[in-house]
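**Q** Dropping a prediction and its sequence here:
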Amino acid sequence: LCPVALARVERPARGRRCRHLRCFGLAAYCRSNYGMAAFNNRWSCPVCNKRVRPEELLIDGFVEEILQKTEEECEEVLLSPSDGSWSLVEDEK
């Protein structure tokens with residue numbers, strides 16, 4: 001889920017200097033920052049709070065591929081740090 005829109009990410013992005021793997025939605029990030037009145041909080045990563053100007057945004061192709069291969073209802077996948085593979089998280093009910 002996008003930490004800005006609290007919905008499924010459509011275009012996964014993060015800052016060039018961010019060290020985390022979590023992405024946020026590109027459109028939601030740009031919309032929320034463009035209209036923000038507080039200049040001191042503008043263009044801050046919603047995950048790590050580092051400054052991320054529009055020209056420093058990167059699209060994460062790996063996450064984008066996962067999003068294309070999963071159903072709309074899928075909110076979480078497990079990533080394997082050893083080989084980069086991923087699998088669906090099964091709901092426990």
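**A** Done, it's in.

**Q** residue contacts, the most centrally placed residue in the chain?
**A** What sits nearest the mean C-alpha location of the chain, by C-alpha atoms, centre = their mean, is residue 23, with 1.7 Å. For residue 23, the contacting residues are 2, 9, 12, 13, 14, 60, 63, by C-beta atoms under 8 Å, 6 or more residues apart in numbering. Yep, even glycine has a C-beta here, placed from its N, CA and C like the rest.

**Q** Quick check: phi and psi at it.
**A** Main-chain torsions, residue 23, degrees, to the nearest 10: phi -100, psi 160.

**Q** Ok, residue 24 next?
**A** phi -130, psi 160.

**Q** surely it meets residue 46?
**A** Yes - with contact defined as C-beta atoms under 8 Å, residue 24 and residue 46 form a contacting pair (5.3 Å).

**Q** Which one's more surrounded, those two?
**A** For the pair residue 24 and residue 46, the greater number of neighbours falls to residue 24 (25 against 18), based on other C-beta atoms under 10 Å.

**Q** Just list whatever residues bridge to the more buried one.
**A** residue 13 (DSSP bridges).

**Q** pLDDT score for it?
**A** As summarised for this prediction, residue 24 has a pLDDT of 96.

**Q** returning to what we had before: residues that sit against both of residue 24 and residue 46, list them.
**A** By C-beta under 8 Å, 6+ apart, the residues touching both residue 24 and residue 46 are 3, 4.

**Q** Quickly note the distance from the closest residue to residue 17 other than its chain neighbours to residue 74.
**A** Excluding the flanking residues, the one nearest residue 17 by C-beta to C-beta, 6 or more residues apart in numbering is residue 50, at 5.7 Å. Distance from residue 50 to residue 74, counting by C-beta to C-beta, to the nearest Å: 28 Å.
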